[in-house]
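In: I'll drop the sequence and a predicted model, then ask my questions.
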Amino acid sequence: MERYTHWKIPVHEALVQGPQARIEVKAFCIQQLLEAASHLSSAADHSQGYYRVACLLVWPWVHQSEITLFYDRDYYLGFLGDTNSLKPERISHALALRTPAQFIEHGHDVTQPDDEVAVQWWCIGEPA
(Lines give C-alpha, C1' and ligand atoms only; values in the text may rest on other atoms or scores of the structure.)
Protein backbone atom coordinates (compact mmCIF):
# COMPACT_ATOMS: atom_id res chain seq x y z
CA MET A 1 0.00 0.00 0.00
CA GLU A 2 1.22 3.47 -0.87
CA ARG A 3 2.01 5.71 2.09
CA TYR A 4 2.06 8.95 0.09
CA THR A 5 1.87 10.67 -3.29
CA HIS A 6 3.64 13.94 -4.00
CA TRP A 7 4.11 16.65 -6.62
CA LYS A 8 7.13 18.96 -6.71
CA ILE A 9 6.66 22.67 -7.26
CA PRO A 10 6.12 23.07 -11.02
CA VAL A 11 8.44 25.99 -11.78
CA HIS A 12 11.90 26.41 -13.23
CA GLU A 13 14.52 26.25 -10.50
CA ALA A 14 15.93 29.69 -11.37
CA LEU A 15 12.61 31.34 -10.44
CA VAL A 16 12.74 30.22 -6.82
CA GLN A 17 16.38 29.50 -6.04
CA GLY A 18 19.66 31.33 -6.35
CA PRO A 19 20.71 34.95 -6.06
CA GLN A 20 18.39 36.07 -8.88
CA ALA A 21 15.27 34.63 -7.22
CA ARG A 22 13.11 37.39 -5.75
CA ILE A 23 11.40 36.80 -2.43
CA GLU A 24 8.08 37.99 -3.90
CA VAL A 25 8.23 35.25 -6.54
CA LYS A 26 9.15 32.62 -3.94
CA ALA A 27 6.21 33.70 -1.77
CA PHE A 28 3.84 33.69 -4.77
CA CYS A 29 4.88 30.14 -5.73
CA ILE A 30 4.49 28.88 -2.16
CA GLN A 31 1.07 30.53 -1.98
CA GLN A 32 0.03 28.61 -5.10
CA LEU A 33 1.12 25.34 -3.43
CA LEU A 34 -0.97 26.22 -0.37
CA GLU A 35 -4.02 26.98 -2.50
CA ALA A 36 -3.67 23.71 -4.40
CA ALA A 37 -3.31 21.84 -1.10
CA SER A 38 -6.44 23.53 0.22
CA HIS A 39 -8.41 22.41 -2.86
CA LEU A 40 -7.12 18.84 -2.47
CA SER A 41 -8.11 18.87 1.19
CA SER A 42 -11.65 20.12 0.62
CA ALA A 43 -12.26 17.78 -2.34
CA ALA A 44 -11.18 14.65 -0.47
CA ASP A 45 -13.53 11.82 0.42
CA HIS A 46 -12.29 11.20 3.96
CA SER A 47 -14.58 8.18 4.36
CA GLN A 48 -12.20 6.11 2.23
CA GLY A 49 -9.43 5.86 4.82
CA TYR A 50 -6.62 8.02 6.12
CA TYR A 51 -5.90 11.03 3.88
CA ARG A 52 -4.01 14.19 4.82
CA VAL A 53 -2.66 16.98 2.63
CA ALA A 54 0.45 19.01 3.42
CA CYS A 55 2.86 21.40 1.79
CA LEU A 56 6.43 20.41 2.55
CA LEU A 57 8.57 23.53 2.16
CA VAL A 58 12.34 23.84 2.19
CA TRP A 59 13.55 27.38 2.90
CA PRO A 60 15.48 28.90 1.17
CA TRP A 61 15.67 26.00 -1.34
CA VAL A 62 12.07 26.44 -2.52
CA HIS A 63 12.55 24.28 -5.64
CA GLN A 64 12.64 21.23 -3.34
CA SER A 65 9.14 22.04 -2.02
CA GLU A 66 6.09 19.91 -2.79
CA ILE A 67 2.50 19.01 -2.04
CA THR A 68 2.15 15.60 -0.45
CA LEU A 69 -0.91 13.42 0.13
CA PHE A 70 -0.34 11.09 3.06
CA TYR A 71 -2.23 7.79 3.32
CA ASP A 72 -0.44 6.61 6.48
CA ARG A 73 -0.77 8.50 9.78
CA ASP A 74 2.53 7.35 11.27
CA TYR A 75 4.37 8.27 8.10
CA TYR A 76 2.81 11.75 8.16
CA LEU A 77 3.69 12.21 11.82
CA GLY A 78 7.32 11.54 10.89
CA PHE A 79 7.20 14.57 8.60
CA LEU A 80 5.09 16.78 10.83
CA GLY A 81 7.12 16.22 13.97
CA ASP A 82 5.89 16.35 17.56
CA THR A 83 6.42 20.07 17.98
CA ASN A 84 7.10 23.22 16.03
CA SER A 85 10.75 23.61 17.01
CA LEU A 86 10.98 27.05 15.37
CA LYS A 87 7.97 28.39 17.28
CA PRO A 88 7.06 31.26 17.51
CA GLU A 89 8.59 31.80 14.05
CA ARG A 90 6.22 31.04 11.16
CA ILE A 91 7.14 31.10 7.51
CA SER A 92 3.56 32.09 6.72
CA HIS A 93 4.04 35.32 8.67
CA ALA A 94 7.51 35.99 7.27
CA LEU A 95 6.22 35.69 3.68
CA ALA A 96 2.69 37.08 4.28
CA LEU A 97 1.11 33.79 3.16
CA ARG A 98 -2.58 32.96 3.53
CA THR A 99 -2.76 29.48 5.00
CA PRO A 100 -5.98 27.46 4.97
CA ALA A 101 -7.79 27.86 8.30
CA GLN A 102 -7.70 24.14 9.08
CA PHE A 103 -3.94 23.78 8.39
CA ILE A 104 -1.23 23.73 11.04
CA GLU A 105 2.36 24.87 10.59
CA HIS A 106 5.48 23.19 11.98
CA GLY A 107 9.03 24.28 11.24
CA HIS A 108 12.41 22.73 11.96
CA ASP A 109 15.99 23.89 11.48
CA VAL A 110 17.71 21.29 9.29
CA THR A 111 20.92 23.22 8.63
CA GLN A 112 23.88 20.92 8.02
CA PRO A 113 27.50 21.78 8.90
CA ASP A 114 28.42 22.29 5.23
CA ASP A 115 25.41 24.53 4.43
CA GLU A 116 26.32 28.12 3.61
CA VAL A 117 22.95 29.43 4.86
CA ALA A 118 20.41 28.37 7.48
CA VAL A 119 17.97 25.81 6.08
CA GLN A 120 14.45 25.37 7.45
CA TRP A 121 12.01 22.59 6.75
CA TRP A 122 8.31 23.50 7.07
CA CYS A 123 5.23 21.30 7.04
CA ILE A 124 2.01 23.25 6.53
CA GLY A 125 -0.96 20.93 6.35
CA GLU A 126 -3.92 19.23 7.91
CA PRO A 127 -3.62 18.06 11.52
CA ALA A 128 -2.61 14.40 11.74
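Out: Perfect, I can see it now. Numbering: from 1, shown residues only.

In: What pairs with the lengthiest strand in the chain, parallel or antiparallel?
Out: Counting residues, the longest strand found in the chain (DSSP state E) is strand 52-59. Its sheet considered, strand 52-59 pairs with strand 66-70 (antiparallel), strand 120-125 (antiparallel) by DSSP bridges.

In: Contacts only, for the residue lying closest to L95 once chain neighbours are set aside.
Out: Counting by Cβ to Cβ, 6 or more residues apart in numbering, L95 lies nearest to A27, which is 4.1 Å off, once chain neighbours are set aside. All C-beta atoms are positioned from the backbone trio N, CA, C, and that covers glycine. Applying Cβ atoms under 8 Å, 6 or more residues apart in numbering to A27 gives the contacts 95-97.

In: who wins for most neighbours among the residues you listed?
Out: If you count neighbours using other Cβ atoms under 10 Å, the busiest of the contacts of A27 is L97, which has 20 neighbours.

In: Not counting its neighbours along the chain, what's nearest that residue?
Out: Q31 (5.5 Å).
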